[in-house]
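Undergrad: Task: produce atomic coordinates for the following.
(one chain, ligands or ions: 1)
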Amino acid sequence: MDLASFSHGKRKVRIGKVRRRPNGVNEFVEYVVGVQLEGATEASFTKGDNTMVVATDTVKNVCYVVAKRDDMNSPEEYGITLARKFLDEYSFVTGVRVEALEKPWSRAIVNGSEHVHGFLRGGQGEHVGYVEMRRLGSGISTSVEGRIEKLDVLKTTQSGWEKFYRDRYTVLPDTDERILATTVSVVWKLSQTQEVDYSSIYRTLLNCVYDGFFGDPKMGKYSPGVQNTQYLIAHRMLELVPEISEVSMVLPNIHFLPCTIPAFVKNKIQFEDDVFIPTDEPQGEIRCTLKRPTSLRAKY
Ligand SMILES: O=c1[nH]c(=O)c2[nH]c(=O)[nH]c2[nH]1
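TA: As a prediction, the model looks like this:
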C-alpha cells in the first residue's frame, strides 16, 4: 500500500494581539490559524518513528512567537511570515500551508466618538489569508490567496429572476421583485506576493461586493439573477486590482418565500412584497471563476 499524501500541523490556534500606539489608541486583532507541515515524515505514519516530526504543540507555539514579532497587519502577511519561519527554523520541513482567519472586531462608537480601546464584534464577514510555501531547488516558492467568507448581505428589492428555461417540472413564476440574500465567499489569487498591500486589496474587494450587490445608495442596482451580479462583481475586482490574477465566487441564494400561508389566503390578506418566510435550506448555489486573460496578466 502507498502512503499517497500526508502532512501534519495544528488548526484553530487562536491569537489575540493588541497594538498599543504611542498616542494612547489601541488596536486589536484576533486570528484563528491553521498550519500544515510537509516533509519526510512518512516513518511517523508507517513505523511510529517520530524523530523528524515537529510536534503539533511546537507548531502552535511558533504561531504565538511569530504573532509577538509580526505586526499582524493582514492575515496574508502574517501567513507569509509564519510559513517562512517554519522553513527557516526546520531544514527538514519542505513545505508549509497556513490559513489565517481574521475575526471581525470593529472599534466601538460611544456617544458618536470612536473609543480608544473598546471594540465590538463587527459583522463584516471574515478575512482569510491562505499561504503555501515550498522549497524549490535552492529557492522558495510562495503562493498567496485572500478570501472573504461569511459575509451576509440582503436587499429588499431591485432583484428578479425571469425568462429562465421552463419545462413540465418548472413551477417557479417569473418575478422582477424579490428579496435577494446571500452569504458571500470570494477567493482571489495574487500574481505577486512581495510589496503587496493585502489589507487595502481586501477593502477594495469588499467594496466591489457592496457596490455590485447593493448599487447606488439611493437608487440601488437591478440584479437579473445571482449569476450576472456575481460575474459583474468579479469582473470589477479584476479591473480594479492589478495584483490579482483570478477571482472565484460562491453565492448561495438564500430564499425568502412570499408569505401566502392558508390563514392569509382564507382571510383575503394580500401578499404585497411585505411579509416573507425566511428559509435556511435548500439554497441555490451559484459559482464562477474569472481569470485575467493571459495577455493582460501583469508581468511580475
Ligand atoms: O438568481 C437566481 N439564479 C438561479 O439560477 C435561480 N434559480 C431559481 O430557482 N431562482 C434563481 N435565482
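Undergrad: residues in contact with residue 119?
TA: For residue 119, the contact set (C-beta atoms under 8 Å, 6 or more residues apart in numbering) comprises 28, 105, 106, 107, 108. Where you see a C-beta, it was placed from the backbone N, CA and C, and this is true even at glycine.
Undergrad: Now name the helix or strand holding it.
TA: strand 113-121 (DSSP states H and E).
Undergrad: What mean pLDDT does that strand get?
TA: Across strand 113-121, pLDDT averages out at 97.
Undergrad: Buried ones in that strand, by neighbour count?
TA: Buried residues in strand 113-121, defined by neighbour count with 16 or more other C-beta atoms under 10 Å: residue 119.
Undergrad: Within the sheet, what are the partner strands of it, with directions?
TA: In the sheet containing strand 113-121, its partner strands are strand 105-110 (antiparallel), by DSSP bridges.
Undergrad: Just the CA coordinates for the strand it pairs with, please, in CSV.
TA: Extracted as CSV, the C-alpha positions of strand 105-110 are listed here (Å, rounded to 0.1, in the frame of the first residue of the first chain):
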residue,chain,number,x,y,z
TRP,A,105,-13.8,43.3,15.6
SER,A,106,-14.7,46.9,15.0
ARG,A,107,-14.0,50.0,17.1
ALA,A,108,-16.9,50.9,19.4
ILE,A,109,-18.6,54.2,18.8
VAL,A,110,-19.6,55.8,22.1
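Undergrad: which residues touch that strand?
TA: Here strand 105-110 makes contact (C-beta under 8 Å, 6+ apart) with 28, 29, 30, 114, 115, 118, 119, 120, 121, 122, 124.
Undergrad: Identify the bridge partners of the residue of the stretch 1-150 of the chain at minimum distance from the ligand.
TA: With C-beta to the nearest ligand atom, the shortest gap between the stretch 1-150 of the chain and the ligand falls at residue 148, namely 19.6 Å. Under DSSP bridges, the beta-bridge partners of residue 148 are residue 127, residue 186.
Undergrad: Determine the number of other residues adjacent to it.
TA: For residue 148, the neighbour count with other C-beta atoms under 10 Å is 21.
Undergrad: Could you confirm whether the lengthiest helix in the chain reaches the ligand?
TA: Under DSSP state H, the helix in the chain containing the largest number of residues is helix 198-214. No. Helix 198-214 lies out of reach of the ligand by C-beta under 6 Å from any ligand atom, never closer than 12.2 Å.
Undergrad: could you give the angle of the helix or strand just after that helix to helix 198-214?
TA: Downstream of helix 198-214, the next assigned helix or strand under DSSP H and E is helix 226-240. Using axes from the mean of the first three to the mean of the last three C-alpha atoms, to 10 degrees, the direction of helix 226-240 lies 140 degrees away from that of helix 198-214.
Undergrad: hmm, who's touching helix 226-240?
TA: 180, 182, 186, 188, 204-205, 208-209, 211-213, 223, 244, 247-249, 251, 253, 284, 286, 288-290, 292.
Undergrad: Try it again at 7 Å.
TA: Residues outside helix 226-240 that contact it (C-beta atoms under 7 Å, 6 or more residues apart in numbering): 182, 188, 204-205, 208-209, 212-213, 223, 244, 247, 249, 251, 253, 284, 286, 288, 290, 292.
Undergrad: can you pull the buried residues of that helix?
TA: By 16+ other C-beta under 10 Å, the buried positions in helix 226-240 come out as 226, 227, 229, 230, 231, 232, 233, 234, 236, 237, 238.
Undergrad: and those as CSV, adding pLDDT and distance to the ligand?
TA: Converted to CSV, the buried residues of helix 226-240 look like this (pLDDT from 0 to 100; distance: C-beta to the nearest ligand atom, whole Å):
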residue, pLDDT, distance to the ligand
226, 98, 4
227, 98, 6
229, 98, 8
230, 98, 9
231, 98, 12
232, 98, 13
233, 98, 13
234, 98, 15
236, 98, 18
237, 98, 20
238, 98, 22
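Undergrad: Mind picking the two most distant members of those?
TA: Pairwise distances across the buried residues of helix 226-240 (C-beta to C-beta) peak at 18.8 Å, for the pair 226 and 238.
Undergrad: which residues are there in the chain that come within reach of the ligand?
TA: Applying C-beta under 6 Å from any ligand atom, one finds that the chain approaches the ligand through 161, 172, 225, 226, 227, 253, 284, 286.
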